[in-house]
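Chemist: Need a 3D model of the sequence below.
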Amino acid sequence: MKRTLLTLSLLCTILFSCSKKNENNPSASLELNGRSYPTVKIGSQTWTTMNYDGPGGIASPRNDEYDYGKYYSEKEMLAIKLPDGWRVPSKEDFVKLMKSQGELTIDVPEVTATDADGAKVLKAASSWYLPGDNSSGFNILPGGYYQSFSKEFLEYKGMAYFWTTTSGPALSIDPNYYYCFRVSGRYSSPGTGSEPETGAEVRDMTTGDNVIWYNIRFVKDN
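Modeler: As a prediction, this is how the structure comes out:
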């Protein structure tokens with residue numbers, strides 16, 4: 001009887017340990033410019049789980065407990081030097097990330113999107129107006145973006161924006177457009193203003209003339 005209980009106890013311990021090990025699929029950190037960035041394995045990719053906070057950029061003015069990293073111009077984004085294997089994500093990298101978390105709801109040249117459930121697992125469980133559960137470990141915080149001509153930070157707590165290196169969308173008349181990865185979690189204004197707006201998408205809404213400054217994440221293939 002004691003041996004049976006010992007065996008069951010050992011089995012439960014092993015199963016619990018494996019479950020904890022696979023939770024969010026943690027992996028080694030990325031060391032860059034004297035700073036350590038935690039990473040997580042999601043599907044066939046490894047992603048940093050903090051926004052880049054290296055040389056250049058504009059620091060977030062948010063005076064709270066969350067680390068939003070810095071906001072970078074297009075030129076700064078393209079000039080970042082990374083260790084072998086790592087890269088600033090392309091449009092296809094973010095599409096692969098979304099596919100790994102659920103079905104796509106839109107997939108056309110201008111925008112590829114997933115639904116609220118696909119976004120929920122990518123968003124942090126706090127700070128958002130409409131928070132996620134961060135079950136993927138990606139840990140997106142709603143830092144919004146910086147607009148250089150008005151010198152203001154916009155969409156704080158409601159949206160998150162990240163650079164991609166993919167430019168020139170098929171239907172754009174401006175060859176300097178870049179795709180960005182945008183995640184929403186807010187209440188939209190139409191009608192009563194209380195309608196939930198939440199989702200994740202890659203879309204061609206970024207001008208490449210240093211007007212808009214976004215956050216940056218890094219990715220590599222497993």
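
Chemist: Where does pLDDT dip in this structure?
Modeler: Along the chain, segments meeting pLDDT under 70 span 1-27, 168-176, 189-194, 207-208.

Chemist: how about the strands in it?
Modeler: Assigned by DSSP state E, the chain shows strands spanning 26-32, 35-42, 45-48, 58-59, 70-71, 104-107, 111-114, 145-147, 152-154, 159-167, 177-188, 195-207, 212-213, 219-221.

Chemist: burial count for residue 64?
Modeler: Residues within reach of residue 64, counting by other CB atoms under 10 Å, total 10. C-betas here are computed from N, CA, C, even on glycine.

Chemist: likewise residue 45?
Modeler: Per other CB under 10 Å, the neighbour tally for residue 45 reads 18.

Chemist: So what sits opposite it in the bridge?
Modeler: residue 42, residue 221 (DSSP bridges).

Chemist: residues touching the residue minimising distance to the centre of the chain, list them.
Modeler: Central residue of the chain (CA atoms, centre = their mean): residue 140, 4.9 Å from the mean position. By CB atoms under 8 Å, 6 or more residues apart in numbering, the contact set of residue 140 is 122-124, 132, 160, 183.

Chemist: Kindly recompute the last result at 10 Å.
Modeler: 49, 51, 119, 122-124, 127-128, 132, 134, 159-160, 162, 181, 183, 185, 200, 215, 217 (CB atoms under 10 Å, 6 or more residues apart in numbering).

Chemist: do the same with residue 145
Modeler: 71, 152-156, 159-162, 180, 182, 206, 212-215.

Chemist: repeat that for 8 Å
Modeler: Going by CB under 8 Å, 6+ apart, residue 145 touches 71, 153-155, 159, 161, 212-215.
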